[in-house]
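Enquirer: let me see the structure of the following:
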Amino acid sequence: MRLFWVWLVAMPVMALGLAATSRSSPAPAPHSAHKPDTPAPSATVSPAPAPSMAKHSSPSKSPAPSIAKHSSPSNAPAPSIAKHSSPSHAPAPISVPEASPSPKSAHSQLPAPSPAPEKNSSASPSPSAPLPSPRAPFSGPSLAPSPKISPPPSSLPHTSIPPVFPPAGETPPSVNTSGSLVPAQVAALQSLGVRLPSNPCAAAQNILLCDNGSPSKHLLALQLEYCSVDAVLTTSALAELTTLKALAFLDCPMLPVHVPLKLVASLTSFSCIASLGKTDDHPEAPGLPGTWLSKLNNLTEIIVTDVEVNTSALGGVLTGLKHLKQMRFSRTNITGVLPKTWPLNVTSVDLSDNELHGAIPAGIGKLRHLQEIDLSNNRLTGHIPNVFGKINKLQKIILGSNGLTGPIPASISSLSSLVYLDLGNNKLNGSIPESISGLSALRYLDLSNNDFTGPLPFNSSFIKTLNTLRVGGNSGICYDHKVIKSKFLTDVPACDSSGEPLLPTDNNSPASAPDVASAPGGQIKSKSTSHHHGRPKTIVSAVAISLGAIMVLIVLAVVVSRCRSRKY
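Expert: Residues are numbered from 1 along each chain as shown. Predicted coordinates:
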């Protein structure tokens with residue numbers, strides 16, 4: 001009987017102990033939205049077996065640079081002055097710059113054709129034809145800090161080049177439309193297969209621009225686009241077009257011919273988009289000779305894209321182009337190393353998507369007027385030279401998708417005008433300099449898919465000024481989740497007490513801070529609150545079990561007492 005009463009008292013005590021134990025034990029941690037850091041597949045840089053003419057499918061490093069295919073009208077009979085309606089195939093720009101223009105920003109990203117020029121493209125107008133000189137778009141977003149920079153996949157794609165001419169039916173107010181084009185130039189255009197109205201200069205056109213002469217006018221700018229496969233470029237036709245200051249070709253399978261010296265002296269802008277050589281649409285054609293380009297020695301702007309250029313070294317082409325201010329050789333399969341000497345007045349350099357190899361020369365530091373440089377998607381190796389800090393006008397540095405090694409040069413942190421920095425998809429190592437957070441103008445920063453290590457040295461106030469931040473794909477970096485909260489860092493693990501990334505636990509939970517989780521939409525929420533959600537229910541359940549056990553024991557005691565009384 002005594003054992004029964006001991007058991008009767010012990011059961012409630014055990015139930016209360018169970019409740020206390022349940023209260024002190026934390027609930028299992030919920031599954032975090034934080035994902036382990038996984039490097040992008042574009043981080044690997046491998047040499048290409050052979051040049052390819054296939055279109056780039058992604059901005060990541062590919063085996064060989066490709067020639068992007070331009071979609072041109074099938075069986076186009078001749079170049080036409082009618083404005084193309086498709087915005088994706090906007091014609092190349094024709095600019096009529098002065099002999100010494102001084103643009104504030106080169107290669108700004110431009111929207112669809114518009115009567116007004118882009119704000120950042122501020123070349124000086126020509127006295128005879130006051131239309132602004134356009135700038136070919138760069139791979140990155142606009143340099144203006146105010147608009148949001150759309151995050152590209154690894155690196156920003158090249159876009160079609162918009163025309164400088166206003167929409168059909170609109171005429172630049174300062175251009176005199178009276179008078180007619182001189183008959184010799186009309187005949188030259190007709191020999192090139194260009195269909196002209198009775199008075200080509202009477203209305204705004206998207207392929208030609210006339211001066212203000214009266215009664216006879218001369219051509220200042222000409223763009224030949226979507227040419228017939230039967231069209232032939234002749235020296236005699238060019239000899240009648242020596243008043244041109246800007247000449248552009250867009251999807252023209254013509255072959256280059258000798259350019260008269262008078263036209264060479266007049267031309268200051270030249271554009272060649274998928275024309276005058278081997279392209280995707282015309283793989284049987286020979287490449288565009290680099291020596292032919294180098295003879296256009298009065299150019300201040302040159303754009304050559306989506307056509308194979310035959311040259312053993314880019315330096316040989318630039319030797320004759322000493323007056324260049326803007327240069328773009330993109331997707332041209334140019335091989336060799338970067339030149340040691342450059343045109344000293346150049347403001348924009350785009351050599352992306354080629355087969356350039358070797359190191360970046362320190363001579364780039366002498367380009368004191370340089371504002372933008374894009375060397376992405378090549379096979380460059382070695383350290384980034386510590387010379388960029390000497391170029392205080394730099395606004396864009398794009399070196400992504402190469403094989404660059406070593407640390408980030410300290411001099412980059414002194415570029416107060418830098419807006420866009422892309423060093424992603426390389427083999428850079430060491431720690432990320434804390435001084436980068438002092439770049440107040442920076443809006444785009446890509447350090448992803450490298451070998452950086454150590455804690456991320458950025459604070460929340462710096463990260464909030466960025467439109468895009470990419471640091472994923474660096475297995476050795478981490479950050480303090482308690483100090484920094486940002487949607488850009490959901491793939492970066494937290495640091496432990498020694499500053500090393502936290503490793504995943506045995507239950508396959510991600511290596512993240514014990515008290516912070518990433519919520520949908522990039523917001524941060526505390527894990528500790530989610531841990532406590534189940535505790536009140538656990539306590540209530542334990543109390544209920546205890547009370548139920550006590551009631552059962554009382555009932556059993558009553559039954560046993562009655563049985564004993566009947567027995568006696």
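
Enquirer: quick one: the helices in the stretch 201-350 of the chain?
Expert: Listed in chain order, the helices of the stretch 201-350 of the chain (DSSP state H, counting those that start in this stretch) span residues 235-239, 261-266, 290-294, 314-318.

Enquirer: just name the most buried of those.
Expert: helix 314-318 (a mean of 20; mean count of other C-beta atoms under 10 Å). For the C-beta atoms, the positions are set from N, CA and C on the backbone; glycine is no exception.

Enquirer: for that one, packing partners?
Expert: Contacts defined by 3 or more C-beta pairs under 8 Å, 6 or more residues apart in numbering; DSSP states H and E place helix 314-318 against helix 290-294, strand 326-330.

Enquirer: with mean pLDDT added, can I get the helices of the stretch 201-350 of the chain in TSV?
Expert: Listed next are these as TSV, based on pLDDT from 0 to 100:
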stretch	mean pLDDT
helix 235-239	95
helix 261-266	96
helix 290-294	95
helix 314-318	92
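
Enquirer: with distance to A441 as new columns, can those helices be given to me in TSV?
Expert: Output for the helices of the stretch 201-350 of the chain, formatted as TSV (distance: least, C-beta to C-beta, whole Å):
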stretch	distance to A441
helix 235-239	45
helix 261-266	39
helix 290-294	35
helix 314-318	30
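
Enquirer: for A221, find the nearest of those helices.
Expert: helix 261-266 (11.2 Å; C-beta to C-beta).

Enquirer: longest strand in this protein, please.
Expert: Determined from DSSP state E, the single longest strand within the chain is strand 219-225.

Enquirer: parallel or antiparallel, which strands does it pair with?
Expert: Each strand paired with strand 219-225, and its direction, by DSSP bridges: strand 208-210 (antiparallel), strand 246-250 (parallel).

Enquirer: how about it as CSV, C-alpha atoms only?
Expert: As requested, the backbone C-alpha atoms of strand 219-225 are provided in CSV (Å, rounded to 0.1, in the frame of the first residue of the first chain):
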residue,chain,number,x,y,z
LEU,A,219,27.3,64.7,-98.3
LEU,A,220,28.7,64.9,-94.8
ALA,A,221,27.6,61.5,-93.5
LEU,A,222,26.6,58.3,-95.2
GLN,A,223,25.5,54.9,-93.8
LEU,A,224,25.2,51.9,-96.1
GLU,A,225,22.9,49.3,-94.5
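
Enquirer: list the buried residues of the lengthiest helix in the chain.
Expert: With DSSP state H setting the assignment, residue counts place helix 535-567 as the longest helix in the chain. Buried residues in helix 535-567, counted by 16 or more other C-beta atoms under 10 Å: A542, S546, A549, L553.

Enquirer: what's the answer for stretch 414-429, then?
Expert: Residues 414-415, 417-428 are the ones in stretch 414-429 that count as buried (16+ other C-beta under 10 Å).

Enquirer: circling back to that earlier point, which of the helices and strands packed on helix 314-318 sits closest to L241?
Expert: Ranking these by proximity to L241 (C-beta to C-beta) places helix 290-294 first, at 16.9 Å.

Enquirer: what is that closest one packed up against?
Expert: Taking 3+ C-beta pairs under 8 Å, 6+ apart as contact, the helices and strands that helix 290-294 lies on are strand 309-310, helix 314-318.

Enquirer: could you look up the SS state of the closest residue to S413 other than its chain neighbours?
Expert: Counting by C-beta to C-beta, 6 or more residues apart in numbering, S435 is the residue found nearest to S413 once chain neighbours are left out, at 3.6 Å. S435 carries the three-state label helix when classified by DSSP: H, G, I helix; E, B strand; the rest coil.

Enquirer: burial count for I302?
Expert: A total of 23 residues lie near I302 under the criterion other C-beta atoms under 10 Å.

Enquirer: quick one: pLDDT of it?
Expert: Here the pLDDT value assigned to I302 is 98.

Enquirer: does it touch F270 like I think?
Expert: Yes: here I302 reaches F270: they are 5.2 Å apart, a contact under C-beta atoms under 8 Å.

Enquirer: between these two, what contacts are shared?
Expert: By the contact definition C-beta atoms under 8 Å, 6 or more residues apart in numbering, I302 and F270 are jointly contacted by L293, L296.

Enquirer: on that earlier part again, state the mean pLDDT of the longest strand of the chain.
Expert: Strand 219-225 shows an average pLDDT of 94 in the prediction.

Enquirer: likewise stretch 437-454?
Expert: Taken as a whole, stretch 437-454 has a mean pLDDT of 96.

Enquirer: ok, now stretch 393-404?
Expert: The pLDDT scores in stretch 393-404 average 97.

Enquirer: which one of the helices and strands packed on helix 290-294 lies nearest to I360?
Expert: Nearest to I360 among these is helix 314-318; the distance by C-beta to C-beta comes to 13.1 Å.

Enquirer: residues in contact with the closest one?
Expert: By C-beta under 8 Å, 6+ apart, the surrounding residues in contact with helix 314-318 are 290-291, 293-294, 309, 311, 324, 327, 329, 334, 336, 338-343, 351, 356.

Enquirer: P385: which of the helices of the stretch 201-350 of the chain is closest?
Expert: Closest to P385 of the helices of the stretch 201-350 of the chain, according to C-beta to C-beta: helix 314-318, at 17.2 Å.

Enquirer: can I get that closest one in PDB, CA atoms only?
Expert: Taking C-alpha atoms only, helix 314-318 is exported to PDB below (Å, rounded to 0.1, in the frame of the first residue of the first chain):
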ATOM      1  CA  LEU A 314      46.400  45.200 -82.600                       C
ATOM      2  CA  GLY A 315      49.300  47.600 -82.200                       C
ATOM      3  CA  GLY A 316      49.900  47.500 -86.000                       C
ATOM      4  CA  VAL A 317      46.400  48.800 -86.500                       C
ATOM      5  CA  LEU A 318      46.600  51.600 -83.900                       C
END
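
Enquirer: how about stretch 210-220: buried residues?
Expert: Going by neighbour count (16+ other C-beta under 10 Å), the buried part of stretch 210-220 is C210, D211, N212, G213, K217, H218, L219, L220.

Enquirer: let's see the pLDDT reported for P197.
Expert: Looking at P197 specifically, the model assigns a pLDDT of 82.

Enquirer: quick check: end-to-end length of stretch 223-243?
Expert: Using C-alpha to C-alpha, to the nearest Å, one end of stretch 223-243 lies 14 Å from the other.

Enquirer: also stretch 486-496?
Expert: With C-alpha to C-alpha, one end of stretch 486-496 sits 19 Å from the other.

Enquirer: just stretch 217-235 next, same as before
Expert: Between the opening and closing residues of stretch 217-235 lies a distance of 21 Å (C-alpha to C-alpha).

Enquirer: what's the answer for stretch 264-279, then?
Expert: 25 Å.

Enquirer: do stretch 236-249 as well
Expert: This stretch, stretch 236-249, spans 18 Å end to end (C-alpha to C-alpha).

Enquirer: what's the answer for stretch 388-404, then?
Expert: With C-alpha to C-alpha applied, stretch 388-404 spans 15 Å between its terminal residues.

Enquirer: which members of the buried residues of stretch 210-220 are the farthest-apart pair?
Expert: Maximum pairwise distance in these, criterion C-beta to C-beta, is 12.5 Å, between N212 and L219.

Enquirer: that older thread, count the residues that sit near the residue nearest to S413.
Expert: Applying the criterion other C-beta under 10 Å, we find 14 residues in the vicinity of S435.

Enquirer: low-confidence ranges, the protein, go.
Expert: Within the chain, the segments meeting pLDDT under 70 span 1-179, 203-205, 504-540, 566-568.

Enquirer: hang on, the earlier thing: can you name every helix or strand that the longest helix of the chain contacts?
Expert: Other elements packing on helix 535-567 under the criterion 3+ C-beta pairs under 8 Å, 6+ apart are helix 2-24.

Enquirer: ok, then the element right after whichever helix or strand T381 is part of?
Expert: When secondary structure is defined using DSSP states H and E, the element that contains T381 is strand 379-383. Later in the chain than strand 379-383, the nearest helix or strand by DSSP H and E is strand 396-398.

Enquirer: list the neighbouring strands of whatever helix or strand comes next after that following strand plus their orientation.
Expert: Using DSSP H and E, the helix or strand that follows strand 396-398 towards the C-terminus is strand 403-406. The partner list of strand 403-406 in its sheet, established with DSSP bridges, is strand 379-383 (parallel), strand 427-430 (parallel).
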